[in-house]
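what follows is a protein structure lacking sequence information:
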């Protein structure tokens, strides 16, 4: 019995229109463009002042469905910054887009969100008669940031990404996925919380620990998935990573011997958009890929968690 093939039919994004540059932030906190860009690679980001996570996710999903029209049978959402707990992002998007009486649920793995949502949807499709599903990732990190803390407020932006998966015409095939993490290091990166309003909205990370975890995660996932699907030296491999820090990506590039031009980089324009970032980076880079190329989506972040999906274009 042949394995049911699942592939990516479309991917799309939504970015809020308001741009906040490093120079803009220098008016709020003791920093400057040179300090931020040299340490992170970020030059500007988008901020959703009057938009919710559902607003952004709906627009990204709408565009993904315009690029691959047709009914979908399931929505898998990803967010860790939803304004309300219920209804959750996937159901809110399905309702706004009038997708009918279909199932939906959310996953929460912060910056690992888009790949794990994609892997979850693909896995459910393989074990069912579903032919088309929608994945949507949206985060509004600006609501958690302390704009007097230059170590964190410069890193993040807001945005959404979405994708349609299909078993009908699986052009960009999902080959395999890997999920994992280090729960013992969960205190190294966290935000949210409980208590009164002043305690609830916060962000904290141990930058050095997260940096080390991210580099080790990307290197090991590239090696393990390459071995699993039999990539050889003659194959072209592209990396679509979470957009945490440009220096991380440069370190990974040097360690695995894949040139930086085959890493999708969007943090310079959009910053770290948490669970939406891998989808945004994929949408921005997809025009560079040729038939037969391999594309690895790799997320890492809060938890500490990681997720990875291998595609064949």
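Good, I have the coordinates. Just so it is clear, the model here is predicted, and its values are computed rather than measured.

how near is the closest residue to residue 40 other than its chain neighbours to residue 91?
Spatial nearest neighbour of residue 40, chain neighbours left out: residue 245 (5.3 Å); criterion: CB to CB, 6 or more residues apart in numbering. Backbone N, C-alpha and C define where each C-beta goes, glycine included. As for residue 245, its distance to residue 91 is 33 Å (criterion: CB to CB, to the nearest Å).

from what I see, the residue nearest to residue 40 and residue 38 are in contact.
No. Contact criterion CB atoms under 8 Å: residue 245 and residue 38 do not qualify, at 11.4 Å.

output the below-cut-off pLDDT ranges for the stretch 151-300 of the chain.
Counting by pLDDT under 70, the stretch 151-300 of the chain contains low-confidence residues at 182-207.

which other helices and strands does the longest helix anywhere in the chain contact?
The residue-count maximum for a helix in the chain (DSSP state H) belongs to helix 207-229. Here helix 207-229 touches strand 172-181, strand 237-241, helix 246-256, strand 294-301, strand 305-312, going by 3 or more CB pairs under 8 Å, 6 or more residues apart in numbering; DSSP states H and E.

so what touches it?
Contacting residues not belonging to helix 207-229 are listed as 151, 175-176, 178, 182, 185, 188-189, 231, 237, 239, 241-242, 244-245, 247-249, 251-252, 255-256, 258, 294, 296, 298, 300-301, 304, 306, 308, 310 [CB atoms under 8 Å, 6 or more residues apart in numbering].

mind running it again at 7 Å?
For helix 207-229, contacts defined as CB atoms under 7 Å, 6 or more residues apart in numbering pick out 175-176, 178, 182, 185, 188-189, 239, 241, 244-245, 248, 251-252, 255-256, 296, 298, 300, 304, 306, 308, 310.

could you point out which element follows the helix or strand that contains residue 139?
Assigned by DSSP states H and E, residue 139 belongs to strand 132-140. Counting by DSSP H and E, the element after strand 132-140 in chain order, helix or strand, is helix 150-153.

now that following helix: buried residues?
If you call a residue buried by 16 or more other CB atoms under 10 Å, then helix 150-153 has these buried ones: 150, 152, 153.

who's in contact with it?
For helix 150-153, the surrounding residues in contact (CB under 7 Å, 6+ apart) are 25, 29, 30, 31, 145, 146, 147, 203.

in a markdown table, list those along with neighbour count and distance to residue 16.
Formatted as a markdown table, the contacts of helix 150-153 follow (neighbours: other CB atoms under 10 Å; distance: CB to CB, whole Å):
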| residue | neighbour count | distance to residue 16 |
| --- | --- | --- |
| 25 | 21 | 16 |
| 29 | 15 | 21 |
| 30 | 9 | 26 |
| 31 | 18 | 22 |
| 145 | 18 | 15 |
| 146 | 14 | 20 |
| 147 | 12 | 16 |
| 203 | 21 | 19 |
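
farthest pair within these?
Between any two of the contacts of helix 150-153, the greatest separation by CB to CB is 18.2 Å, found for 30 and 203.

just the buried residues out of the contacts of helix 207-229, in ChimeraX syntax.
In ChimeraX syntax, the buried subset of these is picked out as below (16+ other CB under 10 Å):
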select :175,178,188,189,239,241,244,245,248,251,252,296,298,300,304,306,308,310
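
what pLDDT does the closest residue to residue 33 other than its chain neighbours get?
Spatial nearest neighbour of residue 33, chain neighbours left out: residue 22 (3.9 Å); criterion: CB to CB, 6+ apart. According to the prediction, residue 22 has pLDDT 94.

now do residue 18
Listed pLDDT for residue 18 reads 96.

can you count the residues close to it?
Using other CB atoms under 10 Å, residue 18 has 16 neighbouring residues.

does it touch residue 47 like I think?
Yes. Between residue 18 and residue 47 a contact is recorded at 5.0 Å, counting by CB atoms under 7 Å.

what touches both of those two?
The contact sets of residue 18 and residue 47 do not overlap (CB under 7 Å, 6+ apart).

any idea how the chain splits into domains?
7-170, 174-312 (automatic domain parsing).

out of those, deepest packed?
Sort the domains of the chain by mean neighbour count, taking mean count of other CB atoms under 10 Å, and domain 7-170 sits at the top with a mean of 21.

chain center to that one, what's the gap?
Taking CA atoms, centre = their mean, to the nearest Å, one finds the center of domain 7-170 at 7 Å from the center of the full chain.

what about it, start to end distance?
4 Å (CA to CA, to the nearest Å).

likewise for stretch 142-162?
Using CA to CA, one end of stretch 142-162 lies 20 Å from the other.

state the helix or strand in which residue 57 lies.
Taking DSSP H and E as the definition, one finds residue 57 inside helix 53-67.

and what of residue 234?
Using DSSP H and E, residue 234 sits in no helix or strand.

again with residue 45
strand 44-46.

on contacts alone, who are the packing partners of that strand?
With contacts taken as 3 or more CB pairs under 7 Å, 6 or more residues apart in numbering; DSSP states H and E, strand 44-46 sits against strand 19-21, helix 267-270.
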